[in-house]
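> With the input below, show me the fold.
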Amino acid sequence: MSQELIWITGASQGIGKALALAYAKAGKTVAISARHSESLQNVADEAASLTGRILVLPCDVTDKNQVITSLNQLIEQERLPDRVILNAGTHQAMAAKAFSADTIAKLLQVNTLGSAIPLEVLLPHYLKQGSGQIAIVASVAGYRGLPTASAYGASKAALINMAESLRSELYRSGVDIRLINPGFVKTPLTDKNEFDMPFLISAEKAASTIIKGLSGKRFEIVFPAPMAIAMSVLKWLPDRIFFPLINRGTGHGR
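Presented below is the predicted three-dimensional model:
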């Protein structure tokens, strides 16, 4: 049996980088993509002593032509990947007083279309062969609307709904759609946050949880457990309780 081939987008830093290194340590072949080839090469250099291989595949996942070219290149050099983790994303807080449609568009472009475009390119291949796993990285921030997250949360909520819709339609197709909903993970993006982040975990811990989850059967991989429980409670709270509670709890009620 050939060595497992995994393609990870948004792999130059944070969770994507940690996943690539963890899979390479486990002896897998990992294609890593992001816009900046130099950052990707740094990840590959870091993995040089590991038992697996890392293939640098620069790609802007918001550009359909680049995604098609990258997938074709990977197929020519190796084959169709067994597993794809769509992890590309960015974050920008946006207060209601500074509400901007441009900010919404920016985050939807990267976070939502950055997964939708690779899905459009990949799905015909996987449906034709009747197998393959595609994991979509969203966030627990997509569960309910939170202060200053009207752009980020909207982009992640769209991913959650998209993943659920695809999973329900493709349930018996052999194509394995998965949803990954992290809480706060220490990455260069979260380093910019100016507020306390409850239950913060390392990117390496997040990667370990994701890898274990993707090898199992559950559709949704959500972590860390305390954050997952807290957000699930908020998800089901009645509006008359949720809005005053979250307003006060985040300091917006003062």
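
> The longest strand anywhere in the chain - contacts with which helices or strands?
With secondary structure taken from DSSP state E, the chain has its longest strand at strand 176-182. If contacts are counted by 3 or more Cβ pairs under 8 Å, 6 or more residues apart in numbering; DSSP states H and E, strand 176-182 sits against strand 133-137, helix 152-169, helix 203-214, strand 220-223. C-beta coordinates here come from the backbone N, C-alpha and C atoms, glycine included.

> Can you list the helices and strands that the last one packs against?
The contact analysis (3+ Cβ pairs under 8 Å, 6+ apart) places strand 220-223 against strand 176-182, helix 203-214.

> Next, the residues that contact that strand from outside, please.
The contact list for strand 220-223 (Cβ atoms under 8 Å, 6 or more residues apart in numbering) reads 135, 140, 178-183, 201, 206, 209-210, 213-214, 228.

> redo that, cut-off 7 Å
140, 178-183, 206, 209-210, 213, 228 (Cβ atoms under 7 Å, 6 or more residues apart in numbering).

> Now the two most distant members of those.
Arg178 and Gly183 (17.2 Å; Cβ to Cβ).

> Output the below-cut-off pLDDT ranges for the stretch 1-150 of the chain.
Residue ranges of the stretch 1-150 of the chain with pLDDT under 70: 1-2.

> any chance you could map the helices in it?
14-25, 37-46, 64-77, 101-107, 113-129 (DSSP state H, counting those that start in this stretch).

> So which bits of the second one are buried?
Right, the one you point to is helix 37-46. Buried residues in helix 37-46, defined by neighbour count with 16 or more other Cβ atoms under 10 Å: 39-40, 43-44.

> same for it, what does it pack against?
helix 14-25, strand 53-56 (3 or more Cβ pairs under 7 Å, 6 or more residues apart in numbering; DSSP states H and E).

> 8 Å instead?
Using 3+ Cβ pairs under 8 Å, 6+ apart, helix 37-46 sits against helix 14-25, strand 29-33, strand 53-56.

> His91 - how many residues pack around it?
19 (other Cβ atoms under 10 Å).

> Would you mind confirming that Ala11 makes contact with Ala18?
No: Ala11 is beyond contact range of Ala18, at 9.3 Å (criterion: Cβ atoms under 8 Å).

> which residues of the stretch 151-254 of the chain score low on pLDDT?
187-198, 249-254.

> hmm, back to that, which stretch among the helices and strands packed on strand 220-223 is buried most, on average?
strand 176-182 (a mean of 23; mean count of other Cβ atoms under 10 Å).

> Show residues contacting that one.
Under Cβ under 8 Å, 6+ apart, the answer for strand 176-182 is 15, 85, 131-140, 142-143, 159-160, 163-164, 166-167, 170, 206, 210, 213-214, 219-223, 228.

> now do stretch 76-85
In contact with stretch 76-85 (Cβ under 8 Å, 6+ apart) are residues 2, 4-9, 16, 19, 29, 31, 55, 74, 118, 122, 125-126, 129, 132-135, 137, 180, 210, 214.

> Sort out which residues of it are buried, please.
78, 80-85.

> which among those gets closest to Cys59?
Val84 (12.0 Å).

> any idea how far the closest one lies from Ile15?
Distance of Val84 to Ile15, given as Cβ to Cβ, to the nearest Å: 15 Å.

> Kindly report the same for Phe223.
On the measure of Cβ to Cβ, Phe223 and Ile15 end up 11 Å apart.

> Now the common contact residues for those two.
With Cβ under 8 Å, 6+ apart, Phe223 and Ile15 have common neighbours 182, 206.
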